[in-house]
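[1] Okay, structure incoming, though there's no sequence with it:
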DNA sequence: GACAGCATACCAACCAGTTGGTATGCTAAG
DNA sequence: CTTAGCATACCAACTGGTTGGTATGCTGTC
């Protein structure tokens, strides 16, 4: 399986940008990490910003494939599926910080004002992933008769919490704090759907 | 009131770094924004990273003074004070994105791996601010007999949510989504302390 | 005249992006 | 089957400009 330079660069970008940030990652850094030359870089991407957009799209594809295959969709109850998703996200927080943090969350903080194309690609990634939760959340809202929240808003909130959890983990230098924060997200969902701790205790 | 170059540089750093990110902000950018020369910069800060640490500390000082003077401490009930804090944070989300977002949350994403000094300064700022909420949260937990959460963890969670809300606002290019996310944080606190909507309805 | 507080001038390293060129594979005419 | 014609994929060397940082000089105050 011989990978082309384009794929190698995109894969290298995911790790390098998450570890160093976008601005601090030079084109030479990416070429060295991917084992290709600068000529190859600019053959496949017309600029560094264009690679960032492609990397965000690549991130969307790889993560959505990974979440689509994940086991949290199995439960019969929609709320159980949402809670299983959160549990799944919590279990992903493992190893070194660049290994589990979010590429687009990192990138958009640096690029939101400098490049509309990068910002849009990051938003597509975040909002697109949040949208995969909406059906389950909508079904749970319906089933458990919750009002005051919309599926779109609540699905985005899961992402906001997870992004914030990553920032705290980076600042503290400790993944544990991210796990703790995601625990609060789980508790919020349980409280919101009136399922406090025990399973399926609806009146 | 004649400001020294050091103060002008620190003030310039708060706005410029929030708008452009840390790596993308050059020393020349900061000097131009502050109206000082490069000689003055390196007279007061021995490196760009040293300025970042000083800027984070400066951020801690200015924000803590601002929060100390804020009106949300007035309520008699500790839970009311916590909820008033969240409402206060929500009302701060106004104007352009760099105007209300967090310097240290932005900076730590870029620098957490490259500089321990910057990371520590950012963590001091976040954890220090969170700590100002702990007494009220502890009193509310006691008064409303909530278990399963600690004051330290819940106060950090407020910051995680707010940081995540900022990321979403940057990605969408819309402060409104941040306000919406902070609304979920408020609802979580209300549910956690069994005060759903109406005021002081404890059995 | 010592020293804090700057300004000017400069540097080596690094930056994104360009250049001219080569290797390889596909396609279709002969 | 051969081969001309061309596009894709890649490479090493280079460029103009920017980077963080330094060395030195000036100027007002104690």
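    Yep, it's here. None of these values were measured; they are calculated from a predicted model.
[2] The residue nearest to residue A:101 when sequence neighbours are not counted: neighbouring residues, count only.
    Sequence neighbours aside, residue A:166 is the residue nearest to residue A:101 in space, at 4.6 Å (criterion: C-beta to C-beta, 6 or more residues apart in numbering or on different chains). Yep, even glycine has a C-beta here, placed from its N, CA and C like the rest. Using other C-beta atoms under 10 Å in any protein chain shown, residue A:166 is surrounded by 27 other residues.
[3] right, and the helix or strand after the host helix or strand of residue A:166?
    In the assignment (DSSP states H and E), residue A:166 maps to helix A:151-172. Sequence order places helix A:175-192 as the next helix or strand after helix A:151-172, per DSSP H and E.
[4] For that following helix, buried residues please.
    A:175, A:177-192 (16 or more other C-beta atoms under 10 Å in any protein chain shown).
[5] out of the residues you listed, which touch chain B?
    A:177, A:180, A:181, A:184, A:187, A:188, A:191, A:192 (C-beta under 8 Å from any C-beta of the partner chain).
[6] And the residues you listed, which is closest to DNA strand D?
    Minimum distance to DNA strand D across those is 29.8 Å, recorded for residue A:177 (C-beta to the nearest atom of the strand).
[7] Which pLDDT value belongs to the closest one?
    pLDDT, residue A:177: 98.
[8] how near is the nearest residue to it once chain neighbours are set aside to residue A:96?
    Nearest non-adjacent residue to residue A:177, counting by C-beta to C-beta, 6+ apart: residue A:168, 4.9 Å away. Distance from residue A:168 to residue A:96, counting by C-beta to C-beta, to the nearest Å: 16 Å.
[9] For residue A:153, which non-adjacent residue is spatially closest?
    residue B:180 is the one closest to residue A:153 (C-beta to C-beta, 6+ apart), at 5.5 Å.
[10] Show the contacting residues for the one you found.
    A:153, A:156, A:157 (C-beta atoms under 8 Å, 6 or more residues apart in numbering or on different chains).
[11] Can you get me a residue count around the residue nearest to residue A:177?
    27.
[12] cool, and the one 5 residues further on?
    For residue A:173, the tally of surrounding residues (other C-beta under 10 Å) stands at 15.
[13] pLDDT at the closest residue to it other than its chain neighbours, what is it?
    Spatial nearest neighbour of residue A:173, excluding adjacent residues (C-beta to C-beta, 6+ apart): residue B:119 at 6.3 Å. pLDDT for residue B:119: 97.
[14] so residue B:119 sits right up against residue B:109, yeah?
    No - the pair residue B:119 and residue B:109 fails to qualify as a contact (C-beta atoms under 8 Å) at a distance of 10.2 Å.
[15] which of the two has more neighbours?
    residue B:109 (29 against 22).
[16] and the longest helix belonging to chain A with helix B:151-172, angle?
    The helix that spans the most residues within chain A, counting by DSSP state H, is helix A:116-144. With axes from the mean of the first three to the mean of the last three C-alpha atoms, to 10 degrees applied, the angle from helix A:116-144 to helix B:151-172 works out at 120 degrees.
[17] Return the set of buried residues in helix A:116-144.
    A:118-127, A:129-130, A:133-134, A:136-141.
[18] So which of these reach DNA strand D?
    When C-beta under 7 Å from any atom of the strand is applied, no member of those is adjacent to DNA strand D.
[19] Please name the nearest non-neighbouring residue to residue A:124.
    Using C-beta to C-beta, 6+ apart and skipping the chain neighbours, the partner closest in space to residue A:124 is residue A:60 (6.7 Å).
[20] secondary structure element for the one you found?
    Counting by DSSP H and E, residue A:60 is part of helix A:48-68.
[21] How about that helix and DNA strand D, touching?
    No - if you take C-beta under 7 Å from any atom of the strand as the test, helix A:48-68 misses DNA strand D, and the best it gets is 12.4 Å.
[22] For chain B, what's its nearest residue on chain A.
    Residue of chain A nearest chain B, by C-beta to the nearest C-beta: residue A:164 (3.0 Å).
[23] surely that residue meets residue B:159?
    Yes - here residue A:164 reaches residue B:159: they are 7.3 Å apart, a contact under C-beta under 8 Å.
[24] Looking at those two, which is more packed in?
    residue A:164 (31 against 23).
[25] and the more buried one, what does it touch?
    A:181, B:159, B:160, B:161, B:162, B:163, B:164, B:165, B:167.
[26] Tell me the one of those residues nearest residue B:5?
    Distance to residue B:5 across the contacts of residue A:164 (C-beta to C-beta) is lowest for residue B:163, with 31.1 Å.
[27] By neighbour count, which bits of whichever strand or helix holds residue A:10 are buried? Give me those.
    Using DSSP H and E, residue A:10 maps to helix A:5-20. Neighbour-count burial for helix A:5-20 flags A:5-6, A:8-14, A:16-20 (criterion: 16+ other C-beta under 10 Å).
[28] Throw those residues into JSON lines and include pLDDT and distance to residue B:27, thanks.
    Shown next, in JSON lines, are the buried residues of helix A:5-20 (pLDDT from 0 to 100; distance: C-beta to C-beta, whole Å):
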{"residue": "A:5", "pLDDT": "78", "distance to residue B:27": "34"}
{"residue": "A:6", "pLDDT": "86", "distance to residue B:27": "35"}
{"residue": "A:8", "pLDDT": "90", "distance to residue B:27": "34"}
{"residue": "A:9", "pLDDT": "90", "distance to residue B:27": "30"}
{"residue": "A:10", "pLDDT": "93", "distance to residue B:27": "32"}
{"residue": "A:11", "pLDDT": "93", "distance to residue B:27": "33"}
{"residue": "A:12", "pLDDT": "93", "distance to residue B:27": "29"}
{"residue": "A:13", "pLDDT": "94", "distance to residue B:27": "27"}
{"residue": "A:14", "pLDDT": "95", "distance to residue B:27": "30"}
{"residue": "A:16", "pLDDT": "95", "distance to residue B:27": "24"}
{"residue": "A:17", "pLDDT": "96", "distance to residue B:27": "23"}
{"residue": "A:18", "pLDDT": "96", "distance to residue B:27": "26"}
{"residue": "A:19", "pLDDT": "95", "distance to residue B:27": "24"}
{"residue": "A:20", "pLDDT": "94", "distance to residue B:27": "19"}
